[in-house]
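*Asks:* missing the sequence, but the structure's below:
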Ligand code: FES
């Protein structure tokens, strides 16, 4: 228990350190629920003196959230929706590409969202050699590095996202493995959801 407490404290310290770093211009990308964790990162990096260009996206305007918060936390904000109901009609990657191709010096990209989105962002930034960090979300069980459930492959090396991450170099992540492991229990998840949906209310 003491070890877990001290690990948590170290994690907090590391997180504070990362948020106070000055990189220059940072592009923060949040997709879907990934907008929530990208918000404090954008805010911290802006407070540390970085120019923060944020790009947030969702399938549709009705599930997009925290636009105002992200506006405050950023030097510049772009919004995208897959169906065109708000902002740019398309994907966050369209804007990442546009910003990089505009000639703006981008020192770092941080992307959090669905794995397919993070893989796409990595695909856009890699040819330009822009350092890109993603926060991975594999299935986790014990969260202490012992069960192996959260294993990911980064640069050909097995890592445990719970203790080695969750942030990794996007250009080194094996997203195919990540996505296949995330889909491992889809039949059971569907069965549980169907059961819950069909169940009579307890009260
Ligand atoms: S969740 Fe068990 S090793 Fe990471």
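*Replies:* Received, thanks. Since this is a predicted model, take the numbers as computed values, not measurements. Residues are numbered from 1 along each chain as shown.
*Asks:* any idea how far the residue minimising distance to the centre of the chain is from residue 85?
*Replies:* Ranked by distance to the mean C-alpha position of the chain (C-alpha atoms, centre = their mean), the top residue is residue 112 at 1.1 Å. Residue 112 sits 22 Å away from residue 85 when distances are taken as C-beta to C-beta, to the nearest Å. Where C-beta positions appear, they are placed from N, C-alpha and C, glycine not excepted.
*Asks:* now swap in residue 119 and tell me
*Replies:* In this structure, residue 119 lies at 25 Å from residue 85, with C-beta to C-beta as the measure.
*Asks:* Of these two, which one has the most company?
*Replies:* With other C-beta atoms under 10 Å as the criterion, residue 119 and residue 85 differ in neighbour count, and residue 119 comes out ahead with 19 against 14.
*Asks:* What strand or helix carries that one?
*Replies:* Element membership of residue 119, judged by DSSP states H and E, is helix 115-125.
*Asks:* what sits up against that helix?
*Replies:* Contacts with helix 115-125, where a contact means C-beta atoms under 8 Å, 6 or more residues apart in numbering, come from 29, 31-32, 34, 57, 91-93, 96-97, 100, 109, 111-112, 132, 134, 136-137, 170-171, 173, 175, 178-179, 182.
*Asks:* Any idea how far apart the tips of stretch 101-110 sit?
*Replies:* As for stretch 101-110, its first-to-last residue distance stands at 17 Å under the measure C-alpha to C-alpha, to the nearest Å.
*Asks:* Could you pull out the buried residues of it?
*Replies:* Residues of stretch 101-110 classed as buried: 106, 108-110 (neighbour count, 16 or more other C-beta atoms under 10 Å).
*Asks:* what sits against the residue nearest to the centre of the chain?
*Replies:* Under the contact definition (C-beta under 8 Å, 6+ apart), the residues listed for residue 112 are 29-31, 34, 37-38, 41, 118, 134-135.
*Asks:* ok, of the residues you listed, which come out buried?
*Replies:* For the contacts of residue 112, a burial check counting by 16+ other C-beta under 10 Å picks out 29-31, 34, 38, 41, 118, 134-135.
*Asks:* picking up where we left off before, want to try CSV for the buried residues of stretch 101-110, with distance to residue 128 as columns?
*Replies:* CSV is the format used below for the buried residues of stretch 101-110 (distance: C-beta to C-beta, whole Å):
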residue, distance to residue 128
106, 8
108, 12
109, 10
110, 15
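*Asks:* Tell me the one of those nearest the ligand?
*Replies:* Sorting those by distance to the ligand puts residue 110 at the head of the list, at 21.7 Å, by C-beta to the nearest ligand atom.
*Asks:* Break this structure into its domains for me.
*Replies:* Listed domain ranges for the chain are 1-135, 137-203 (source: automatic domain parsing).
*Asks:* Of all those domains, which one is nearest the ligand?
*Replies:* If we rank the domains of the chain by C-beta to the nearest ligand atom, the stretch that ends up nearest is domain 137-203, at 3.3 Å.
*Asks:* Where does the prediction get shaky in this protein?
*Replies:* Across the chain, the ranges flagged by pLDDT under 70 are 1-18, 200-203.
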